[in-house]
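Undergrad: Give the three-dimensional model of this entry:
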Amino acid sequence: MTEENQSEAPFVPRADKPRFLTRVAFDSFKLPPSLLEGLKEAGFIHCTPIQAQTLPVSLSGRDVAGQAQTGTGKTAAFLVTVITRLLEAPDREPGKPAALIVAPTRELAAQIHEEACLLGKHSGLSFTQVVGGIDYQKQADQLRQGTDVVICTPGRIIDYLKQGIFKADGVRIVVIDEADRLLDLGFADDMRFILRKLPHYEKRQSLLFSATLAFRVMELTYEYMNLPEFIAVTPEDITVEGVEQSLLHVGSDNKLPLLLGLLKREEWTRLLIFVNTKSGVEWLTRKLVGNGWPAEGITGDLPQPKRFKLMEHFKDGSVKILVATDVASRGIHVEDISHVINYDIPQDPENYVHRIGRTARAGKTGRAITLACETYVFHLEPLEELLGFKIPVQWPADDWLVADQAGPVHSQRSREGRRPSDRRSPPREGRSSRPERKGRPARPVPEQKAQPETVAPEMIAPLKGEERDAPERSRDKSKRRESPPASRRDAPIQRGPGYFPGTFFGFTAPGKERTDAESETETAVDDEFPAVETETLTAAVETLPPAEAGTDSGEGTPKADKRRKRRPRRRRKRPASEDKAPQGTSVAPAVESPEGGEPIGA
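TA: Here you go, the predicted model:
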């Protein structure tokens, strides 16, 4: 912020004390003296509207479902009720959990735990925080040692319930803070599991608080609460009155330059910037740091100890600019946040209410600026329908844009998605680079045998209409088959113009007479194998023994006799009544059996 911008910007006085406090004082209720002392040390003298309407009902032991804007004192309203009810319980077992407070985020649970320790400092009650991201065994030991009030998130307390570390049978009061956010984060089934493990709703008191009471929240109250008293403070005003809202339409390419210009033009003391995605938080934080603005980013992936440490730095003023996702929109209870900038329009309209609720807390004033680009402008219409009015539009001038000096920035997520070879950084100064790995010794190359001479392709005459295609070669050299030798692969085939394939088998081509050479070849074969006369064969057969001679008629060979014997066996034997064949039929003649038995076919 330059001196010229400070002189041009109008000075807006900020309220030192809340302007919406009622005349109802805390000491007008019948509260324990130890609690009144803690309230006085915290500076709580008069009640806010939600406190003034909730305490008379909750201190009487009835269930309450309260609706109020963020930053109106809902946390103190249920903490005063819990501490008072536990101190007045005559049969309470010290060290046994008697109250359970469930919050949607770790930051909100830490804020509730901090305020509970402040208000119950002199009450003698013990408060234990049970959230994820912190030492599991340490929290389990704290629960085993005993505690009075447990402030938790759903996931971690369910683990202790299933293991039997957390005993829920002694719970007298259960508080559900930011119920709508719990359901938005997908904890509906977890909340039902927790509420079923607690004593029946008639044996305990239930308090539910939320910035908006949607239908899902109302369903939860009817199912697990005992006819709660619904208390709504100014429900027609969705947002806090002290927030000055404005909308700036800008293109995605000029979004960052406009943000850099707003940081120079606006008079801000502590700034909170909201982005829709985790990668966007990392990218924008690096951009702001590269342009000379000390910024820090907080997301759900950040380790819990680091998140707590970062929030402490933001509260004490060592960190002026905080870039966060919607996870941090609930539970950031930091005084004097002058500006909230929505770098992206939230996809859920209710998140807008909780985002801008981080400023103008406790009756103070603040400003909320929203940047509408072509990517997220489609979420503007449902947002304005929820608010019930159009957000005032402010058109930025050209001189509001400041050039980006950071250069290209890559988020950690984009680097993690690259290949390992791309993530290698050069060696640091003073350190030698990593020695190169020794390669494996080269394998000996086998000597290749000399290939025989091949015949030129033009010497091979292909058949008519025949095409020779080169075989496909495999890309994988390890899977290639060794080709046959060239002498066998490229052997010439003698084919002339009068080639006839049957010549190899001794046939003559049609329409071609035998040549003298062919006749001489046949004559030579006949001389080598002379023909045998038929009479010589007949005499040789007669000289054979009777078993090899065949039948008595001397006709045929033994194979032919066997075939004769088999044919009558296939015929069907006729009965005696059919010996006389009818007219027009023929009867097969009888054949004598070779063994001398009855004739076959008789």
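Undergrad: Val57: what's it in contact with?
TA: 64, 229, 231 (CB atoms under 8 Å, 6 or more residues apart in numbering). Where you see a C-beta, it was placed from the backbone N, CA and C, and this is true even at glycine.
Undergrad: any idea how far Arg156 is from the nearest residue to Ile321 once chain neighbours are set aside?
TA: Of all residues not flanking Ile321 in the chain, Ala295 sits nearest, at 4.0 Å (CB to CB, 6 or more residues apart in numbering). Relative to Arg156, Ala295 is positioned 30 Å away (CB to CB, to the nearest Å).
Undergrad: Got the confidence number for Gly133?
TA: Predicted confidence (pLDDT) for Gly133: 81.
Undergrad: would it count as being in a helix?
TA: No: according to DSSP: H, G, I helix; E, B strand; the rest coil, Gly133 belongs to no helix; its state is coil.
Undergrad: Settle this for me: it is touching Pro305, isn't it.
TA: Yes: under the criterion of CB atoms under 8 Å, Gly133 makes contact with Pro305 at 7.4 Å.
Undergrad: shared neighbours, the two?
TA: What both Gly133 and Pro305 touch, as defined by CB under 8 Å, 6+ apart, is an empty set.
Undergrad: ok, the two, which is more surrounded?
TA: When Gly133 is set against Pro305 and neighbours are counted by other CB atoms under 10 Å, the residue ahead is Gly133, at 16 against 11.
Undergrad: Enumerate every residue touching that one.
TA: Gly133 neighbours (CB under 8 Å, 6+ apart): 106, 303-305, 307.
Undergrad: Now Leu35: closest residue in space, sequence neighbours ignored.
TA: Ile83 (5.3 Å).
Undergrad: The one you found in helix, strand or coil?
TA: Ile83 ends up helix, using three-state DSSP.
Undergrad: Okay, buried residues for stretch 290-310 please.
TA: 291, 293, 295-299, 302, 307-308, 310 (16 or more other CB atoms under 10 Å).
Undergrad: now it: mean pLDDT?
TA: Stretch 290-310 comes out with an average pLDDT of 86.
Undergrad: can you tell me how far Asp169 sits from Thr153?
TA: Taking CB to CB, one finds Asp169 at 21 Å from Thr153.
Undergrad: The two: which has the busier surroundings?
TA: Thr153 (23 against 9).
Undergrad: Apart from its neighbours in sequence, what residue is nearest the more buried one?
TA: Excluding its sequence neighbours, the residue lying closest to Thr153 (CB to CB, 6+ apart) is Val131, at 4.8 Å.
Undergrad: tell me the contacts of the one you found?
TA: Contact analysis of Val131 by CB under 8 Å, 6+ apart lists 106, 109-110, 152-153, 156, 304.
Undergrad: How about Ala372?
TA: By CB under 8 Å, 6+ apart, the contact list for Ala372 reads 247-250, 345, 380.
Undergrad: do you know how far it is from Val250?
TA: The gap separating Ala372 from Val250 is 7 Å, by CB to CB.
Undergrad: got the domain boundaries for the protein?
TA: The chain breaks down by automatic domain parsing into domains covering 26-232, 243-415.
Undergrad: could you measure Ile194 against Leu182, distance?
TA: Applying CB to CB to Ile194 and Leu182 gives a distance of 11 Å.
Undergrad: what do the two both touch?
TA: Counting by CB under 8 Å, 6+ apart, the residues touching both Ile194 and Leu182 are 102, 154.
Undergrad: neighbour-wise, which of the two wins?
TA: Higher neighbour count among Ile194 and Leu182: Leu182, with 25 against 22, using other CB under 10 Å.
Undergrad: which regions of the stretch 251-400 of the chain lie under the pLDDT threshold?
TA: Residue ranges of the stretch 251-400 of the chain with pLDDT under 70: 328-333, 360-364.
Undergrad: Strands along the protein, start to end?
TA: Listed in chain order, the strands of the chain (DSSP state E) span 64-67, 99-102, 127-130, 149-152, 173-177, 205-210, 229-232, 243-249, 271-274, 295-298, 321-324, 339-342, 366-372.
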